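Student: Sharing a sequence plus its predicted fold:
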Amino acid sequence: MRVVGAAVAAVLLLLTGAGEASAQPGILLSQEELPPAAVPAQAGDSVRVRYSTLRTATAAGESTGSIFLPRGDPPDGGWPVVSYAHGTVGIADQCAPSVAGFNYVELPAIEQWLAAGYAVVATDYAGIGTAGVNAYLDGPAAAANAVDIVLAAHDVYGDVLSDRWIVTGLSQGGHATYFAARGATTRAPALDYRGAVAVAAPTHLEQLFPAAGPAIPALPTTGIVNYALLTLAGIDDQRPEVDIRRYLSPKGIELMELAKVTCSRELGRYLLAHPTAVGDLFAAPLWNEQFREMQQVPVDGFDRPLRVVHSLSDTSVPIPLTWAQLAEMQQHGVKWVHPTRARRRRRPHPTVRTWAQSSENCYRSR
């Protein structure tokens, strides 16, 4: 395969490896009509599905998600598929994109993919719309959710879908995309996986959380308390053996419970009105090896092109995290190029056109 480039702070990565596997992924369990608010304007047929997948890195479960087809007749061989892993919206059931729809950052990209002739499948992630609490930033689980919905989509629309597919995601979904990029070929061997685009993906979180505790200094990154609460809520529900509550302050427990039932926008507004530092959440220093299993982003094992897109002006997920990730990938033998593109103005996220073009290039790079 050849290595090509695109986008601000973008790289195309290449290597060989394997990913996690589980029994019977992507079995279609049910399907139903999507609410009108959750259907993009460019979609033709659409459906909400429930399917088998991973609940955590080590436990099986279920997820819901959306399937959107372009308008019109499919091309010869069927519509190629984009599996989209959404960014942080919250972990309460009402936050699921298949219920509430996609936000103003994500929806334009989905509309553009549909208009360009790509079917789009979008997991809600296990625990958002299904039983329990989402294991937020559990990379292996979220990756399986994004891969398995492609398998479920072929159960519903297999006669009009191509076997060719890619995975892409923003922020939380970018984190999932790294894991999916390493495991997609192994997890769905009957399909033709072409590559991945990880956008504004947080990395090295497994190094941050073990340092968490009452003495951790206040961090300038916006939203860090929100992300911490969602992670703690998922651990509290999905990994009871950690006994996360013994590390938390009364305020930390109160806010963690709020995070379980509140979408991110509302939680963010509450935290703005009630300023809270990460250290306020803890009563004791936190250390658990399971953070590494959940959150340590792969640094090798990619058997298809992987494009990493990150804005230089991102304040939610600082770009130095991606620089560190790329350095580690290079140390593990990953070959990459670093093209940049002049921008007229700075944005916290890549333009829709850049994102959509990066996705289309995955199909051409093989």
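Tutor: Done, it's in. Just so it is clear, the structure is predicted and the values come from calculations on it, not from any experiment.

Student: how distant is the helix or strand hosting residue 167 from the center of its chain?
Tutor: Using DSSP states H and E, residue 167 falls within strand 161-170. Put simply, strand 161-170 sits 13 Å off its chain's centre (CA atoms, centre = their mean, to the nearest Å).

Student: Walk me through which strands that strand pairs with, and which way each runs.
Tutor: Next to strand 161-170 in the sheet, as set by DSSP bridges, lie strand 79-85 (parallel), strand 192-199 (parallel).

Student: Adding distance to residue 286 and mean pLDDT, write those strands out as a markdown table.
Tutor: Any C-beta I mention is one placed from the backbone N, CA and C, and that applies to glycine too. Below are the strands paired with strand 161-170 laid out as a markdown table (distance: least, CB to CB, whole Å; pLDDT from 0 to 100):
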| stretch | distance to residue 286 | mean pLDDT |
| --- | --- | --- |
| strand 79-85 | 26 | 98 |
| strand 192-199 | 27 | 96 |
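
Student: of all those, which lies closest to residue 43?
Tutor: strand 79-85 (11.8 Å; CB to CB).

Student: looking just at contacts, which helices and strands does the helix or strand just after the closest one meet?
Tutor: Proceeding N to C from strand 79-85, the next assigned helix or strand is helix 97-100, under DSSP H and E. Of the remaining helices and strands, those touching helix 97-100 by 3 or more CB pairs under 8 Å, 6 or more residues apart in numbering; DSSP states H and E are strand 60-70.

Student: sorry, back to before: can you put the strands paired with strand 161-170 in CSV and add mean neighbour count and distance to residue 332?
Tutor: What follows is the strands paired with strand 161-170, written out as CSV (neighbours: other CB atoms under 10 Å; distance: least, CB to CB, whole Å):
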stretch, mean neighbour count, distance to residue 332
strand 79-85, 28, 23
strand 192-199, 28, 16
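
Student: Serialize those to a markdown table and add fields for distance to residue 317.
Tutor: Shown next, in a markdown table, are the strands paired with strand 161-170 (distance: least, CB to CB, whole Å):
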| stretch | distance to residue 317 |
| --- | --- |
| strand 79-85 | 14 |
| strand 192-199 | 10 |
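
Student: Residue 243 is nearest to which of those strands?
Tutor: strand 79-85 (29.5 Å).

Student: and that closest one with strand 60-70, angle?
Tutor: When axes from the mean of the first three to the mean of the last three CA atoms, to 10 degrees is applied, the directions of strand 79-85 and strand 60-70 differ by 130 degrees.

Student: Send me strand 79-85 as CSV with only the CA atoms.
Tutor: Below are the C-alpha coordinates for strand 79-85, written out as CSV (Å, rounded to 0.1, in the frame of the first residue of the first chain):
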residue,chain,number,x,y,z
TRP,A,79,-23.2,1.4,-1.5
PRO,A,80,-19.8,1.5,0.3
VAL,A,81,-20.2,1.9,4.1
VAL,A,82,-18.9,4.5,6.5
SER,A,83,-19.1,3.4,10.2
TYR,A,84,-19.3,6.5,12.3
ALA,A,85,-18.3,6.5,16.0
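
Student: And the contacts of it?
Tutor: 69-70, 106, 109-110, 113, 117-123, 125, 142, 145-147, 149-150, 153, 160-162, 164-170, 172-174, 176-177, 180, 194, 359, 363 (CB atoms under 8 Å, 6 or more residues apart in numbering).

Student: ok, back up a step: what's the closest of the strands paired with strand 161-170 to residue 267?
Tutor: Among the strands paired with strand 161-170, strand 79-85 sits nearest to residue 267 (CB to CB), with 20.4 Å.

Student: how far is stretch 47-66 from where the chain is centred?
Tutor: Here stretch 47-66 is found 14 Å from its chain centre; the criterion is CA atoms, centre = their mean.

Student: do stretch 77-89 as well
Tutor: Relative to its chain's centre, stretch 77-89 lies at 11 Å (CA atoms, centre = their mean).

Student: Please verify my assumption that residue 88 contacts residue 171.
Tutor: Yes. At 5.8 Å, residue 88 and residue 171 qualify as touching, with contact defined as CB atoms under 8 Å.

Student: Buried residues in the strand holding residue 167, which are they?
Tutor: Buried residues in strand 161-170, counted by 16 or more other CB atoms under 10 Å: 161-170.

Student: Alpha carbons only: can I get it in PDB?
Tutor: Coordinates of each C-alpha in strand 161-170 appear next as PDB, following Å, rounded to 0.1, in the frame of the first residue of the first chain:
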ATOM      1  CA  LEU A 161     -24.600  -2.600   0.600                       C
ATOM      2  CA  SER A 162     -21.000  -3.200  -0.600                       C
ATOM      3  CA  ASP A 163     -18.600  -5.200   1.400                       C
ATOM      4  CA  ARG A 164     -16.200  -2.200   1.300                       C
ATOM      5  CA  TRP A 165     -16.300  -0.100   4.500                       C
ATOM      6  CA  ILE A 166     -14.300   2.200   6.600                       C
ATOM      7  CA  VAL A 167     -14.500   3.500  10.200                       C
ATOM      8  CA  THR A 168     -14.200   7.100  11.400                       C
ATOM      9  CA  GLY A 169     -14.900   8.900  14.600                       C
ATOM     10  CA  LEU A 170     -14.600  12.200  16.400                       C
END
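
Student: That strand: what's the following helix or strand?
Tutor: As assigned by DSSP H and E, the chain's next helix or strand after strand 161-170 is helix 172-187.

Student: That next one to strand 161-170, inter-axis angle?
Tutor: Helix 172-187 and strand 161-170 are oriented at 140 degrees to each other (the same axes, to 10 degrees).
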